[in-house]
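A.B. asks: next comes the sequence, and after it the predicted model I'd like to discuss.
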Amino acid sequence: MPRRQFLTGLGAGIVAGAVIGAGVGALGFPQTITKNITSTQTQTETETQTETTTQSASAVLPSNIPTTWNQTADVVVIGYGGAGAVSAITAYDAGASVIILEKTPSLASLGVSNPTISGGGGNTQMDAGNAVFPMVPDEAAQYLYAAALGTTPMDVCQAWAEMGSQNPTWLDTYGIAHSAPSATTAEFPNLPGAGGFGAMSITGGGAGFFQALDGLVQKRKIPVLFNTPATSLIQNQTTGEIYGVNAVQNPAPLVSPTLSSSTTSSSSTTGSSTTSTTTSAGYTALWSPPTSGGTPITVRANKAVILACGGFEYNNKLMANFLKGYPAHFYGWAYNTGDGIPMAQKVGADLWHMNVMSARMVPWFPEYPVAYSTTAPSQHGWIYVDKTGNRYADETELSTYSHNWWLKLSEVDLTVPDYVRIPSFIIFDQTCCNAGAITSTSSAKLPTALGGAPAWSSNNSVEISKGWIIQGSTIAALVAAINNATIVSGYDPTTGAQVTLQMNMSATNLETTLNNYNGYCTAGVDAQFGRPASTLVPIVTPPFYAMPLWPGGPNTLGGPRRSANAEVLDTNGNPIPRLYLNGELGAIDGWTSLGQNNGALVVFGRISGTNAAALTPWIS
C-alpha cells in the first residue's frame with residue numbers, strides 16, 4: 001500500500017483496510033470507554049472459565065475446533081512484555097475484550113515482596129529504556145529498507161516510519177514520562193536516510209517503561225494468565241482462520257541452571273582451540289513449553305490472536321541453525337525460547353530475518369542462563385584479541401556499533417574451518433582491574449527469582465575467584481592459564497551436552513600484540529586500527545587478566561514474516577486470517593539491527609491491536 005494511502009486510511013479510522021472499533025480517535029489514540037468487567041476478568045494463574053461454542057445452523061466447524069473453551073476474549077495476546085502490553089492496551093481501548101497469556105509466574109507467586117510490577121516484562125523490563133523513533137518518516141523508511149538489504153518491503157518500512165513518528169505523542173497520551181525528543185543519526189550514517197531519526201529516554205529505563213505499561217493493563221483490568229504458556233494455535237483447517245490457543249496452566253518449573261562436572265564424551269581440535277562435549281545437558285530455560293504437567297486449557301479468540309512472545313535467545317537449536325555467529329549468549333529475558341516460531345509455522349507462516357540479532361560481545365558463564373552485558377569499559381588499559389592473540393579492530397567501536405558488533409565476530413578461518421573471534425578475549429592489567437567492573441551488570445536486571453545472575457563486583461574480585469576472569473603474573477603465564485582453562489562455550493544443539501573449549505593461543509602472538517599496542521600508547525597514535533588517542537592507555541601492570549567474550553546482547557530478531565498491517569504472512573505472502581504479530585518475534589530489522597525495539601513495539605502494538613479489535617467475530 002502506498003505510504004500516503006496508508007496515512008489517509010489511518011486518519012479516517014482505517015488502518016490498512018481494517019475498520020477501527022469504537023473508542024479510537026483519528027490517530028489511533030484512546031477515547032474514554034466504559035466496560036463491565038466480570039468477576040472472571042482478573043489477573044490469575046489458576047482460575048478458568050468454561051464457555052460453549054455456539055454457531056449458526058448453517059456453519060459446520062472442523063473437528064479440531066473445541067466445542068467448549070476454558071477462557072474466551074475477543075483478542076488473545078501471547079506474551080506479556082512491552083509488545084504484548086501495548087497490543088493488549090490498544091485492542092482494549094478499541095473496544096475489544098482481551099486476555100494475555102504469559103509463560104512465567106507472577107512475582108507475587110514467587111514470593112517477591114512489594115514487586116513494582118505484576119510479573120512478565122520481557123526484554124522491555126531489562127532494557128535501558130532508549131526509544132529511537134523515525135523523526136523524518138520518508139528518510140527513516142529509506143534507511144530501514146537499505147539496512148535490511150531490501151528484505152523488509154518498503155510498505156512495511158513506510159508503515160513503521162509514519163506510525164513511529166507519532167511515538168512521542170503516544171507516550172504523552174498514555175502518561176509515560178520521557179526525555180525531550182532530539183534528532184540523532186542512525187548506527188550506519190553512510191546509509192541513505194540515516195539522519196531521519198529521533199531519540200528519547202523513557203523515565204526509569206526499561207523497567208520504568210514496563211512498570212507504566214503494566215499499570216495501564218492493570219487499570220483496565222485486562223486479565224493476565226501467568227504461568228500459562230501457549231503451546232499451539234487453533235486453526236480452522238478449511239478457512240485458515242485462527243480461532244484460539246491451546247495452553248497449559250501451572251506447569252511445573254523445569255530445572256534451574258547448574259554447573260556440570262560431567263566427564264568428557266568427545267573431543268576435536270580445530271586450529272586454535274579444542275572442542276569437547278560432556279554428558280551434562282546444562283541448564284534448560286525455565287518455563288519453556290511443557291510436554292507434561294499442568295492443566296491443558298483452550299482459550300477462544302473471537303476476533304484474533306496476537307503473537308508477542310519474544311525471540312529465540314535461549315533456544316540452542318534455533319540459534320545454531322540460523323545465527324551467523326555461534327555459540328551466542330544473551331542477557332535478555334531468559335524465557336525467550338522461540339515459542340512463537342513453531343506455533344506460527346504449524347499454521348503455515350513464513351519466516352524472515354532469522355539470521356539477525358541485536359548483539360555485541362558478552363561474558364557468559366554456565367552457572368546462569370543469562371549473560372552479562374558488555375559495553376566498552378569506562379576505564380582504559382584493555383584490548384580485544386581473537387583466539388590467536390591478535391587484535392582485530394578499534395575496540396571503542398563496540399560502543400558505536402553496539403547493536404551490530406557481532407558482525408565482526410563472524411570471521412572464519414576456512415583452513416580449519418573455525419570462527420577465529422568466537423570467543424574473543426578482553427585483555428587488561430591490574431590498574432584497569434582496580435579502576436572498576438570490567439563489564440556492566442545488565443543481567444542483574446532479571447529478578448533472581450526468575451533465574452537472574454548476581455550483580456558484577458565493583459573490583460572484579462568475585463569473578464576472579466570464580467575463575468571467570470583468568471589471570472597470570474606475566475603475559476606468558478596468562479596465555480598458559482588461558483590454554484589450561486576449561487572454557488564452557490554452550491550446549492550441543494542436538495544432544496544438549498555441555499560443550500567446552502581448550503584454547504591453543506600463542507604466547508608469542510599475544511606478547512607481540514601487547515608490545516605493539518603499548519608502543520601506540522607511547523606514540524599517541526594507533527597505527528593499526530586508529531583507536532582514539534585518549535583511550536590509548538598501556539597494559540603494563542601485572543598481574544594480567546583475560547576473560548572470554550561471546551556474540552550476544554539483548555535479543556534475536558527473526559521469526560514469522562509480518563505485513564505492514566502486522567499480519568502474519570504465509571509462505572505465499574498472504575495473511576493468515578486472524579493472526580497478528582508484535583515485538584522482536586519476526587521483527588522488521590533485516591541483516592542489521594536498528595536498535596529500536598521500544599519504538600517498534602509501540603508502532604506494531606498500535607497496528608496489531610487496532611486491526612485485531614476491528615475484526616468481526618468468527619462466532620456469534
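C.D. replies: Done, it's in. Values in this document were obtained by computation on a predicted structure and should not be read as measured data.
A.B. asks: any regions of the stretch 401-550 of the chain where pLDDT drops low?
C.D. replies: Residue ranges of the stretch 401-550 of the chain with pLDDT under 70: 441-445.
A.B. asks: what segments of the stretch 51-200 of the chain are helices?
C.D. replies: Listed in chain order, the helices of the stretch 51-200 of the chain (DSSP state H, counting those that start in this stretch) span 82-93, 122-126, 137-147, 154-164, 167-173.
A.B. asks: so which of the ones you listed is nearest residue 617?
C.D. replies: helix 82-93 (13.2 Å; Cβ to Cβ). C-betas here are computed from N, CA, C, even on glycine.
A.B. asks: only the buried residues of the closest one, if you could.
C.D. replies: 82-93 (16 or more other Cβ atoms under 10 Å).
A.B. asks: mind putting the residues you listed into TSV with distance to residue 124 and pLDDT?
C.D. replies: Formatted as TSV, those follow (distance: Cβ to Cβ, whole Å; pLDDT from 0 to 100):
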residue	distance to residue 124	pLDDT
82	3	97
83	7	98
84	9	98
85	8	98
86	9	98
87	12	98
88	13	98
89	13	98
90	15	98
91	18	98
92	18	98
93	19	98
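A.B. asks: could you dump the helices of the stretch 51-200 of the chain to CSV with distance to residue 459?
C.D. replies: Output for these, formatted as CSV (distance: least, Cβ to Cβ, whole Å):
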stretch, distance to residue 459
helix 82-93, 34
helix 122-126, 25
helix 137-147, 40
helix 154-164, 42
helix 167-173, 39
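A.B. asks: just the buried residues of helix 82-93 now: which is nearest residue 122?
C.D. replies: residue 82 (6.3 Å).
A.B. asks: could you measure from that closest one over to residue 368?
C.D. replies: Separation of residue 82 from residue 368 (Cβ to Cβ, to the nearest Å): 23 Å.
A.B. asks: do the same with residue 229
C.D. replies: For residue 229, the distance to residue 368 - Cβ to Cβ - is 21 Å.
A.B. asks: same check on residue 299?
C.D. replies: According to Cβ to Cβ, residue 299 and residue 368 sit 33 Å apart.
A.B. asks: ok, residue 236 next?
C.D. replies: 43 Å.
A.B. asks: which one of those two has more residues nearby?
C.D. replies: residue 368 (22 against 16; other Cβ atoms under 10 Å).
A.B. asks: doesn't residue 451 make contact with the more buried one?
C.D. replies: Yes: here residue 368 reaches residue 451: they are 6.9 Å apart, a contact under Cβ atoms under 8 Å.
A.B. asks: may I see the buried residues of stretch 108-120?
C.D. replies: Of all the residues in stretch 108-120, those buried under the rule 16+ other Cβ under 10 Å are 110, 112, 115, 117-120.
A.B. asks: what is the nearest of those to residue 77?
C.D. replies: Closest to residue 77, out of all of the buried residues of stretch 108-120 and judged by Cβ to Cβ, is residue 120, at 10.9 Å.
A.B. asks: give the contact list for the closest one.
C.D. replies: 79-81, 84-85, 102, 104, 210, 214, 224, 226 (Cβ atoms under 8 Å, 6 or more residues apart in numbering).
A.B. asks: how about residue 478?
C.D. replies: With Cβ under 8 Å, 6+ apart, residue 478 has these contacts: 427, 470-472, 510, 543-546.
A.B. asks: looking at those residues, which are in helices?
C.D. replies: residue 510 (DSSP state H).
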